[in-house]
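Asker: quick one, fold the following:
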Amino acid sequence: MKKLWMLTSLCAVLATSHAYARDTVNAYPVDEAIKSEPGKVSDDIKLYFAGQQHPAVQKTMGEFATNKKTNAFGKSDLQACQHVFLSAVIELQERARKEGGNAVINIKSNYKNQLSSSATEFTCGAGAVVAGVALVGDVVTLKAK
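Answerer: Residues are numbered from 1 along each chain as shown. From the prediction side, this is the model:
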């Protein structure tokens, strides 16, 4: 009887664990995410998403990637994704500063190594506990206008 109870309990745990293993992938607006936490993204390193026009490139430092995660527990997918997107953008800006650049251009989403190019949207995966955003972009120095 004890073995039957343990087996039933184990089956119940395994069956419910898949219900919580959610990974919902959606696209969200870049502009809304940047405005969601005013002042978090600085103005000193310009950001240009794939397809956006930018001044001529003076020097290229290379392509850099970021893969950020955040606690999504108790947050809507939108809130968690906007927050983690900002973390990813800030990491790209920090890399540009470190490399001596003044901009990150051609920024693309790269969630689970699936490149997605958009000037207006980013891709985010959200689960019951964690949300994640991966970005790649080229760190450059742009010519002054």
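Asker: next, the closest residue to Leu142 other than its chain neighbours: secondary structure please.
Answerer: Spatial nearest neighbour of Leu142, excluding adjacent residues (Cβ to Cβ, 6 or more residues apart in numbering): Pro55 at 4.4 Å. For the C-beta atoms, the positions are set from N, CA and C on the backbone; glycine is no exception. Using DSSP: H, G, I helix; E, B strand; the rest coil, the structure places Pro55 in coil.
Asker: swap in Ile107?
Answerer: Following three-state DSSP, we place Ile107 in the strand state.
Asker: so what's the residue count around the residue nearest to Leu142?
Answerer: Burial of Pro55 is recorded as 15 neighbouring residues (other Cβ atoms under 10 Å).
Asker: give me the three-state assignment for Pro38.
Answerer: Pro38 is classified as coil under three-state DSSP.
Asker: roughly how far does it sit from Gly101?
Answerer: 24 Å (Cβ to Cβ, to the nearest Å).
Asker: more crowded one of those two?
Answerer: Ranked by neighbour count (other Cβ under 10 Å), Pro38 and Gly101 place Gly101 first, with 26 against 7.
Asker: and that one, that one's in a helix?
Answerer: No. Assessed with three-state DSSP, Gly101 is coil; it does not lie in a helix.
Asker: contact partners for it?
Answerer: Ile45, Lys59, Met61, Val139, Val140, Thr141 (Cβ atoms under 8 Å, 6 or more residues apart in numbering).
Asker: for this structure, what helix or strand is lowest in average pLDDT?
Answerer: In the chain, no helix or strand scores lower on mean pLDDT, DSSP states H and E than helix 2-20, which sits at a mean of 50.
Asker: ok, then the element right after that one?
Answerer: Scanning forward in sequence from helix 2-20 by DSSP states H and E, the next helix or strand is strand 24-29.
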